[in-house]
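A.B. asks: have a look; sequence and predicted model below, questions after that.
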Amino acid sequence: MTAAAQLWVCDLPTIEYREALTLQERVRAARQQDLIPDTLLLLEHPPVYTRGRRSDARELPMGEDWYRAQGIEIVDSDRGGKLTYHGPGQLVGYPIMRIDDVIAYLRTIERAIVAALADAGVRAHARPDDGPDFTGVWTAAERKIASIGVHVARAVTTHGFAINVDNDLRPFGWVVACGLDDVQMTSVIEETGASGDGRLPDMRASVATRFAEAFGLTATTVPVERVAAAAAAA
């Protein structure tokens, strides 16, 4: 029986969004040259709204200056999808992977997140038949708990997913999140009523395991220095 290919999992601290973009680009170059296996970066961001390729001005109804006055940065990105929010207490995953089918890739990410949420006691599901605006993961009450937006260049992905664990949900209500006027966002803490203590580290471990399982890979935790060294060689 052939052993499963590796998935490098790199646990990172809180990183500014633009810094994470630069890191992803470097890791992608290394993956494109097969210097590293598929890699999953797990981290948090300071408060930031990110706009995808399909974003438009109506998503920020208060005007950009108002949001910046609340301490929330606004950054344009090349990922798919529309506007979303990242902040402390939210688990962000950036898979840098070689793929050949974008739709299958999105569906597999959704399955991995659903499994990880089940580990945390949250029943959730994907909505593949409702159109691209509904890509992501939703609870049984149709509240959105995880968002997904990706970019693919030379068959290698960047960007990825964000799971609301113990983050402030109010910034979602100040915008047209995910391009959906009536979307209700939720989090692991909101759904379970449990204390936030320790939930994010638990979700990091569960997501790494379930993500690797969904893609038929073996998760191997590697230090950021090893990933950075491979990226520098690209």
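C.D. replies: Good, I have the coordinates.
A.B. asks: what ranges do the strands span in this protein?
C.D. replies: 6-14, 38-44, 48-51, 73-76, 84-86, 90-96, 124-125, 137-139, 144-153, 156-164, 218-221 (DSSP state E).
A.B. asks: export those to CSV and tack on distance to T192, mean pLDDT and mean neighbour count?
C.D. replies: All C-beta spots, glycine's among them, are computed from the backbone N, C-alpha and C. Below are the strands of the chain laid out as CSV (distance: least, C-beta to C-beta, whole Å; pLDDT from 0 to 100; neighbours: other C-beta atoms under 10 Å):
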stretch, distance to T192, mean pLDDT, mean neighbour count
strand 6-14, 23, 96, 18
strand 38-44, 20, 97, 22
strand 48-51, 26, 93, 22
strand 73-76, 30, 94, 14
strand 84-86, 21, 95, 27
strand 90-96, 15, 98, 25
strand 124-125, 12, 97, 20
strand 137-139, 11, 96, 22
strand 144-153, 11, 96, 22
strand 156-164, 12, 97, 24
strand 218-221, 24, 96, 14
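A.B. asks: need these in JSON lines (columns: distance to P201).
C.D. replies: Shown next, in JSON lines, are these (distance: least, C-beta to C-beta, whole Å):
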{"stretch": "strand 6-14", "distance to P201": "9"}
{"stretch": "strand 38-44", "distance to P201": "10"}
{"stretch": "strand 48-51", "distance to P201": "22"}
{"stretch": "strand 73-76", "distance to P201": "25"}
{"stretch": "strand 84-86", "distance to P201": "18"}
{"stretch": "strand 90-96", "distance to P201": "10"}
{"stretch": "strand 124-125", "distance to P201": "20"}
{"stretch": "strand 137-139", "distance to P201": "20"}
{"stretch": "strand 144-153", "distance to P201": "18"}
{"stretch": "strand 156-164", "distance to P201": "13"}
{"stretch": "strand 218-221", "distance to P201": "13"}
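A.B. asks: and the nearest residue to Y49 once chain neighbours are set aside, what is it in contact with?
C.D. replies: Of all residues not flanking Y49 in the chain, I74 sits nearest, at 4.9 Å (C-beta to C-beta, 6 or more residues apart in numbering). Neighbour list for I74: V48, Y49, T50, R51, L60, E64, Y67, R68 [criterion: C-beta atoms under 8 Å, 6 or more residues apart in numbering].
A.B. asks: contacts only, for the fourth one.
C.D. replies: Contact criterion C-beta under 8 Å, 6+ apart gives E59, I74, V75, D76, S77, K82, L83 as the residues in contact with R51.
A.B. asks: quick check, nearest of these to H151?
C.D. replies: H151 lies nearest to S77 out of the contacts of R51, by C-beta to C-beta, at 7.8 Å.
A.B. asks: about what we covered before: ok, the contacts of I74 vs P37, which is closest?
C.D. replies: Nearest to P37 out of the contacts of I74 is T50 (C-beta to C-beta; 26.8 Å).
A.B. asks: how close does the residue nearest the centre of the chain get to E213?
C.D. replies: When the chain is reduced to its mean C-alpha position, the closest residue under C-alpha atoms, centre = their mean turns out to be F161, at 1.8 Å. F161 sits 16 Å away from E213, going by C-beta to C-beta, to the nearest Å.
A.B. asks: okay, the contacts of I74 in a markdown table with distance to P13 next?
C.D. replies: Converted to a markdown table, the contacts of I74 look like this (distance: C-beta to C-beta, whole Å):
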| residue | distance to P13 |
| --- | --- |
| V48 | 15 |
| Y49 | 21 |
| T50 | 19 |
| R51 | 25 |
| L60 | 28 |
| E64 | 27 |
| Y67 | 24 |
| R68 | 24 |
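A.B. asks: no more questions from me, cheers.
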